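Asks: here's my sequence, what's the structure:
(one chain, ligands or ions: 1)
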Amino acid sequence: MDGLQAENPGVGGIRGNAEERYRALAYDTALSTLVAVAVYVVVKVSLDGIRQWRASISVLIVGSGPVGLTAALVAVRSGKVLKLTVLDERYRTALLCRPQQIALDPWSVKFLLGLGVDFDNMEGCWHNEHFFTRIGVFQEYLLSILEQKKQKVDVKVLLGTKFTEEYLRRIPRNEWPRVIVVADGSCGDSCSVLGISSDYTVETCHAYGANATIERPDQRQVPTPEIRAHSLYFDLSAYGMEALREHRNPTAKPGFHLKIYGTFRNRYMALVCHASDTKMVRFLRHTANSSIMKNIFHQSFNVYKTDIEPRLNDVTLHHMQCSRRLFEIQLSHRRISAAYIEGDNVAVTVEGEAARVLNFDTGCGVNLGMRGLESMGTFIYRTATAVDQNDILEALSAKMKHSRQMAETFKQTGLAQSMYE
Ligand SMILES: Cc1cc2nc3c(=O)[nH]c(=O)nc-3n(C[C@H](O)[C@H](O)[C@H](O)COP(=O)(O)OP(=O)(O)OC[C@H]3O[C@@H](n4cnc5c(N)ncnc54)[C@H](O)[C@@H]3O)c2cc1C
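Replies: Numbers count the residues shown, from 1 in each chain. This is a model prediction of the structure:
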């Protein structure tokens, strides 16, 4: 063995050199591959960063109700919107003179503060961390903020403009928005213009309720805190119902919850109880005598109203309209609340009462719409920075998921928050 090595020193040396060169070559190749990959990653990350930073889209919002206008603020805040168009078929006066009051719950207040809403500059009042204002006042305030944003973003508010197929046809192809937010309320038909299915999922909230409205043109139209009363039972013995015996039953759920809300001019009442099969509930669900419910609302209003407002008496009772009997409270929400219009590369999301609505007025309705906007900023960001169609579809799917989650959460806790607590 030694002899063999001694005999062929050159062959060993050549093999050693070749191995060394091979190793050096492999090392060089690995190093240059690594450098190339690193350069590629750095360039790609920088380019992606620049693209994401520069990405900005055009957004169209249909409906200037509280939800549409809040969506407009979210869009401006996202930093990814170059051009924002907000439409409403109503003219300014009709839009801003809407009488109903809205009650913003603590979550909505926090959300709006984050969007730069200054409640100190808005007519309204605080009670139990809720802010009460008139819908028109709220809309006017949001319109004024949008006006201020015009220096940063190209904002156009087109009032008295209905969203129709004709409106869409008139937009030049290269100016089509990348995102359309439909917030046209419970009676809007913009989804059908965009070819979005109007199928709804209707789900029970496991409660029964009734509503009443009182309109008194002689009263003040200023925002007023709500009044809540709990564990109510009604003496319906005059109608042949022996209720008192029943509510001593320990298995029966605690009685009715009443809420009085709205301004003194447009007063509303909501009466709710858990879905149960007690004698009184059965009686109020099926009675053909509409005066029973009217009587309950009449008496309840006089007991729980604020001291400074007038009682309802037999003369003024005609100001009151109410449900004839208790009905099942149901939440209807769109099966499709977000869609992609492929040929035109437009992502559509449906918000507010256009997406989900209760058949019962809780006096807190606007908050459900606000919750839906929680995912709007991320949705706009993801759509603006999308590289391909898959990214947009993923953004839409996340938006739909959030919408479904909200409906589920509302069914479990929504009535408790707005009525029972
Ligand atoms: C009688 C009553 C009392 C209420 N009281 C309370 C309360 O006390 N507290 C509370 O929180 N909530 C209350 N609500 C609920 C509250 O008003 C709604 O939750 C809220 O208005 C929903 O907002 P939105 O923006 O989704 O829809 P909307 O307010 O209905 O706004 C939709 C807008 O879209 C516009 N529009 C429709 N179609 C088109 C189209 N094709 N093109 C352009 N524009 C279009 C409409 O003109 C409208 O301005 C009450 C509602 C009613 C009816």
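Asks: can you report how many residues lie near the residue in the stretch 301-421 of the chain that the ligand sits nearest to?
Replies: When scored by C-beta to the nearest ligand atom, the stretch 301-421 of the chain has G352 as its residue closest to the ligand, at 2.4 Å. C-beta coordinates here come from the backbone N, C-alpha and C atoms, glycine included. Residues near G352, counting by other C-beta atoms under 10 Å, number 28.
Asks: what sits against it?
Replies: G63, G65, P66, V67, G68, A183, G185, G369, G372 (C-beta atoms under 8 Å, 6 or more residues apart in numbering).
Asks: mind listing the helices for the stretch 201-350 of the chain?
Replies: With DSSP state H, counting those that start in this stretch applied, the stretch 201-350 of the chain shows helices at 243-246, 279-286, 290-304, listed in chain order.
Asks: quick one: closest of the ones you listed to the ligand.
Replies: helix 290-304 (15.1 Å).
Asks: for E165, give me phi and psi.
Replies: phi -60, psi -40 (degrees, to the nearest 10).
Asks: need the pLDDT of the residue lying closest to it once chain neighbours are set aside.
Replies: Of all residues not flanking E165 in the chain, V193 sits nearest, at 5.5 Å (C-beta to C-beta, 6 or more residues apart in numbering). Looking at V193, its pLDDT is 96.
Asks: isn't V193 right up against L168?
Replies: Yes: at 6.9 Å, V193 and L168 qualify as touching, with contact defined as C-beta atoms under 8 Å.
Asks: for the contacts of G352, which one is nearest Q219?
Replies: P66 (23.3 Å; C-beta to C-beta).
Asks: residues near that closest one, how many?
Replies: With other C-beta under 10 Å as criterion, P66 counts 28.
Asks: can stretch 307-324 be said to contact the ligand?
Replies: No: Stretch 307-324 stays clear of the ligand (C-beta under 6 Å from any ligand atom), getting no nearer than 10.6 Å.
Asks: that stretch: which residues count as buried?
Replies: Residues of stretch 307-324 classed as buried: E309, L312, M320, C322, S323 (neighbour count, 16 or more other C-beta atoms under 10 Å).
Asks: CA atoms only: put that stretch into CSV for me.
Replies: The C-alpha coordinates for stretch 307-324 follow below in CSV (Å, rounded to 0.1, in the frame of the first residue of the first chain):
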residue,chain,number,x,y,z
ASP,A,307,-91.2,63.2,34.6
ILE,A,308,-91.0,66.2,32.3
GLU,A,309,-92.9,64.8,29.3
PRO,A,310,-96.6,64.7,29.0
ARG,A,311,-98.6,61.5,29.8
LEU,A,312,-100.5,59.7,27.2
ASN,A,313,-104.2,60.0,27.8
ASP,A,314,-107.3,58.9,26.0
VAL,A,315,-107.1,62.0,23.8
THR,A,316,-103.5,61.8,22.9
LEU,A,317,-103.4,58.0,22.6
HIS,A,318,-104.1,58.3,18.8
HIS,A,319,-100.5,59.6,18.5
MET,A,320,-99.4,56.0,19.2
GLN,A,321,-99.1,53.2,16.7
CYS,A,322,-98.0,49.7,17.8
SER,A,323,-97.7,46.1,17.0
ARG,A,324,-100.9,44.2,17.4
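Asks: now do it: distance to the chain's middle.
Replies: Taking C-alpha atoms, centre = their mean, to the nearest Å, one finds stretch 307-324 lying 33 Å from the centre of the chain it belongs to.
Asks: same thing with stretch 321-332?
Replies: 23 Å.
Asks: now check the helix or strand containing V357, is it near the ligand?
Replies: Assigned by DSSP states H and E, V357 belongs to strand 356-358. No: applying C-beta under 6 Å from any ligand atom, one finds strand 356-358 separated from the ligand by no less than 8.2 Å.
Asks: now that strand: average pLDDT?
Replies: 96.
Asks: packing partners for it?
Replies: Applying 3 or more C-beta pairs under 8 Å, 6 or more residues apart in numbering; DSSP states H and E, we find strand 356-358 packed against strand 327-334, helix 366-372, helix 389-409.
Asks: what's in contact with that strand?
Replies: By C-beta under 8 Å, 6+ apart, strand 356-358 touches 186, 205, 329-334, 337, 365, 368, 372, 403, 406-407, 410.
Asks: these: which ones sit near the ligand?
Replies: G365.
Asks: now a ChimeraX select for only the buried ones of the contacts of strand 356-358.
Replies: Here is the ChimeraX selection string for the buried members of the contacts of strand 356-358, based on 16+ other C-beta under 10 Å:
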select :205,329,330,331,332,333,334,337,365,368,372,403,406,407,410
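Asks: what is the most widely separated pair among the contacts of strand 356-358?
Replies: The most distant members of the contacts of strand 356-358, if one measures by C-beta to C-beta, are I329 and S337, lying 20.7 Å apart.
Asks: rewinding a little: among the helices and strands packed on strand 356-358, which is nearest L87?
Replies: Going by C-beta to C-beta, the one of the helices and strands packed on strand 356-358 nearest L87 is helix 366-372, 17.1 Å.
Asks: right, I'll call it a day here.
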